[in-house]
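Student: turn this into a structure:
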Amino acid sequence: MAKTQLQGGGVQPEDGRGFRGTTESLAEPESPSLGSQTELNGSANNTERPTDKYGFIGGAQQFSQDFAEEIPPEVLRQREVKWLEMLNSWDKWMSKKHKKVKLRCQKGIPPSLRGRVWLYLCGGKVKKEQNKDRFQDLDHQPGDPKWVDVIEKDLHRQFPFHEMFVARGGHGQQDLFRVLKAYTLYRPEEGYCQAQAPIAAVLLMHMPAEEAFWSLVQICEKYLPGYYSAGLEAIQLDGQILFALLKRVSSVAHRHLKKHKIDPILYMTEWFMCVFSRTLPWASVLRVWDMFFCEGVKIIFRVGLVLLKCMLGSQEKLKVCQGQYETMELLRAIEPRYMQEGFLIREIMELPVSERDIEKEHLTQLRLWKESRGELHCKSPPRMHGARAIMVAEPPSKQDLRQKPTITVDVLPNSKNTEEERDKKKKKGKKNTTSPPETANQHSSSPDDLLPGQPQPLLNDTPLQGSNQSLSSAEHDTYL
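Tutor: So this is what the prediction gives:
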């Protein structure tokens, strides 16, 4: 069986490359997403290179909007108003209308509000308010030289073709260093894991350093506990959970991987630890992260299962990968059509894998682990399945949730639910269709419900009236 072994506190593939304390495993020199040495040093002339709406000036992610779904400006305006209304009464929406929050996350968070919403969903806003000046204190400390050295070597590897990180020593790399160094001081027993760098980089594309730090803390402690700890036991355990769930989702793919003794850790480690930020087109990354922050780790499992089913789920597809090597090469080069935003999101929402399924399989795999390997060395806190579970576990005060600055939008009662009314009409037309209980509502809220170019009724008597421009320009995805 293609094995991985533990050496030096980390998962060590047979080729000798590990994840912790290294500078090679997640970013290989020959990776097509990286540029020449001149470009990585930030000295290339990028002034004339086109920048896409996500901020990429080259590499594999540039022009990924070609695979993105276009949202009419009027629809984007309506969604922004609704999200601003939710943010101003966040505790009520999460406690009484969580299904509506979940539905709107599935449709996609407006780019102008994405960073703010992520911060609220993950509980980073509450954590920040309850730990005032903590990040500043950590930021002013020198840091452990052991981790500082490794972090500095990794900075230029994180999205080197994004305008925030293209310049060596630029503001993006400086903030990335601050966030990662602060985490090693906040959790010295964990230190730094290389897979945390792309996570922090994605957060920094949408929010300031302090907010990115607390969001990273929540991801590491609530959403993916134990993923970045020494030994990486949690990711290995989730690999076995993924493989067990695959048997139910695609028995063909499961049999093929089992036949060729391909350990899940070989193909899912980067997927899960980086939350697909180094795998999918950027439009799909953002949609997956919107749902991940709302619904938790089950979204990552669903994405992995969808990709495995699409790539290995039929005998016809398996003809081109007769062995272990060919299979791994296939999984390293996922077909673009399977990663396209509209297709992928629909498949994710329709896949009948719930939190209960994951927790049930977790108990099974944990028992098998103890029987074969003994007790886990790293005792991680329990995993929180999404924003609502985090809020229930740590109830916030109204002061913790106050927006700074507060954005208030007045919406007339007869005009605020135009999009929901359209969705209800569509649901009525689908009553006779059969689907798994958990996914029936999700399917009806598919992004395809909003057809590009379809005229939408505009909101009246709001501060946004009289303009076709949304809070988010069509050109840039950034934070307020």
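Student: residue 114 contacts residue 202, correct?
Tutor: No - if you go by CB atoms under 8 Å, residue 114 and residue 202 don't touch, sitting 10.6 Å apart. (C-beta placed from N, C-alpha, C; glycine too.)
Student: model confidence for residue 291, exactly?
Tutor: On pLDDT, residue 291 comes in at 98.
Student: how much space separates the residue lying closest to it once chain neighbours are set aside from residue 132?
Tutor: Closest residue to residue 291 apart from its sequence neighbours, by CB to CB, 6 or more residues apart in numbering: residue 299 at 4.7 Å. Noted for residue 299: a distance of 31 Å to residue 132, by CB to CB, to the nearest Å.
Student: so which of the two has more stuff around it?
Tutor: Remark: of residue 299 and residue 132, residue 299 carries more neighbours, 28 against 8, as counted by other CB atoms under 10 Å.
Student: quick one: contacts for the more buried one?
Tutor: 288, 291, 292, 348 (CB atoms under 8 Å, 6 or more residues apart in numbering).
Student: state the pair within the residues you listed that is farthest apart.
Tutor: The distance between the two most remote of the contacts of residue 299 (CB to CB) is 10.2 Å, for 292 and 348.
Student: so for this protein, the centremost residue is which one?
Tutor: Residue closest to the mean C-alpha point of the chain, counted by CA atoms, centre = their mean, is residue 289 at 3.2 Å.
Student: if I look at that residue, how far off is residue 106?
Tutor: Taken as CB to CB, the span from residue 289 to residue 106 is 12 Å.
Student: and if you look at residue 365?
Tutor: Taken as CB to CB, the span from residue 365 to residue 106 is 28 Å.
Student: what's the mean pLDDT across stretch 350-367?
Tutor: Rounded mean pLDDT across stretch 350-367 is 94.
Student: same check, this time on stretch 396-416
Tutor: Rounded mean pLDDT across stretch 396-416 is 64.
Student: can you count the residues close to the nearest residue to residue 165 once chain neighbours are set aside?
Tutor: Nearest non-adjacent residue to residue 165, counting by CB to CB, 6+ apart: residue 172, 4.3 Å away. By the criterion of other CB under 10 Å, residue 172 has 21 neighbours.
Student: what's in contact with the one helix or strand residue 92 maps to?
Tutor: Using DSSP states H and E, residue 92 sits within helix 90-96. Under the criterion CB under 8 Å, 6+ apart, residues 86, 100, 101, 120, 387, 388, 391, 396, 398, 401 lie in contact with helix 90-96.
Student: neighbour-wise, give me the winner out of those.
Tutor: Busiest of the contacts of helix 90-96 [other CB under 10 Å] is residue 387, holding 27 neighbours.
Student: do you know how far the residue nearest to that one when sequence neighbours are not counted is from residue 215?
Tutor: Spatial nearest neighbour of residue 387, chain neighbours left out: residue 121 (4.2 Å); criterion: CB to CB, 6+ apart. Distance of residue 121 to residue 215, computed by CB to CB: 9 Å.
Student: before we move on, what about residue 170?
Tutor: 21 Å.
Student: the residue nearest to residue 165 belongs to a helix?
Tutor: Yes - assessed by DSSP: H, G, I helix; E, B strand; the rest coil, residue 172 belongs to a helix.
Student: who's in contact with it?
Tutor: 162, 163, 164, 165, 166, 201, 204.
Student: how about the third one, secondary structure?
Tutor: Pointing back at residue 164 there. Going by three-state DSSP: residue 164 is coil.
Student: list the buried ones in the top helix by length along the chain?
Tutor: Scanning the chain for the helix with the most residues, using DSSP state H, yields helix 355-373. Across helix 355-373, burial judged by 16 or more other CB atoms under 10 Å covers 355, 357, 358, 361, 362, 365, 369.
Student: same thing with stretch 70-82?
Tutor: 71, 72, 73, 74, 75, 76, 77, 78, 79, 80, 81, 82.
Student: nearest to residue 243, of these?
Tutor: residue 71 (36.3 Å).
Student: tell me which entries of the buried residues of stretch 70-82 lie within helices.
Tutor: 73, 74, 75, 76, 77, 78, 79, 80, 81, 82.
Student: export those residues to JSON lines and tack on pLDDT and distance to residue 259?
Tutor: Output for those, formatted as JSON lines (pLDDT from 0 to 100; distance: CB to CB, whole Å):
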{"residue": "73", "pLDDT": "91", "distance to residue 259": "51"}
{"residue": "74", "pLDDT": "93", "distance to residue 259": "52"}
{"residue": "75", "pLDDT": "93", "distance to residue 259": "47"}
{"residue": "76", "pLDDT": "93", "distance to residue 259": "48"}
{"residue": "77", "pLDDT": "94", "distance to residue 259": "53"}
{"residue": "78", "pLDDT": "94", "distance to residue 259": "50"}
{"residue": "79", "pLDDT": "95", "distance to residue 259": "46"}
{"residue": "80", "pLDDT": "96", "distance to residue 259": "50"}
{"residue": "81", "pLDDT": "95", "distance to residue 259": "53"}
{"residue": "82", "pLDDT": "96", "distance to residue 259": "49"}
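Student: in those residues, find the pair that's most separated.
Tutor: 73 and 82 (15.1 Å).
Student: pretty sure residue 293 contacts residue 122?
Tutor: Yes - taking CB under 8 Å as the definition, residue 293 is a contact partner of residue 122 at 5.4 Å.
Student: common neighbours of these two, please.
Tutor: What both residue 293 and residue 122 touch, as defined by CB under 8 Å, 6+ apart, is the set 223, 387.
Student: just for this protein, where's the confidence low?
Tutor: 1-48, 59-67, 405-480 (pLDDT under 70).
Student: tell me where it has strands.
Tutor: 4-7, 10-13 (DSSP state E).
Student: and the residue nearest to residue 165, how far from residue 89?
Tutor: 34 Å.
Student: end-to-end on stretch 308-327?
Tutor: By CA to CA, to the nearest Å, the extent of stretch 308-327 from end to end equals 11 Å.
Student: buried stuff in it?
Tutor: For stretch 308-327, by 16+ other CB under 10 Å, it's 308, 309, 310, 311, 312, 313, 317, 318, 321, 324, 327.
Student: okay if I get these as JSON lines plus distance to residue 344?
Tutor: Below are the buried residues of stretch 308-327 laid out as JSON lines (distance: CB to CB, whole Å):
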{"residue": "308", "distance to residue 344": "13"}
{"residue": "309", "distance to residue 344": "12"}
{"residue": "310", "distance to residue 344": "9"}
{"residue": "311", "distance to residue 344": "13"}
{"residue": "312", "distance to residue 344": "16"}
{"residue": "313", "distance to residue 344": "15"}
{"residue": "317", "distance to residue 344": "17"}
{"residue": "318", "distance to residue 344": "22"}
{"residue": "321", "distance to residue 344": "21"}
{"residue": "324", "distance to residue 344": "26"}
{"residue": "327", "distance to residue 344": "21"}
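Student: what about residue 187, neighbour count?
Tutor: 15.
Student: what sits against it?
Tutor: Taking CB under 8 Å, 6+ apart, one finds residue 220 in contact with residue 187.
Student: do residue 301 as well
Tutor: Taking CB under 8 Å, 6+ apart, we find residue 301 in contact with 238, 241, 242, 245, 353, 358.
Student: so which of those comes closest to residue 271?
Tutor: For the contacts of residue 301, the nearest to residue 271 is residue 242 (9.1 Å; CB to CB).
Student: and the gap between that closest one and residue 267?
Tutor: 9 Å.
Student: what does residue 274 give?
Tutor: Going from residue 274 to residue 267 by CB to CB gives 13 Å.
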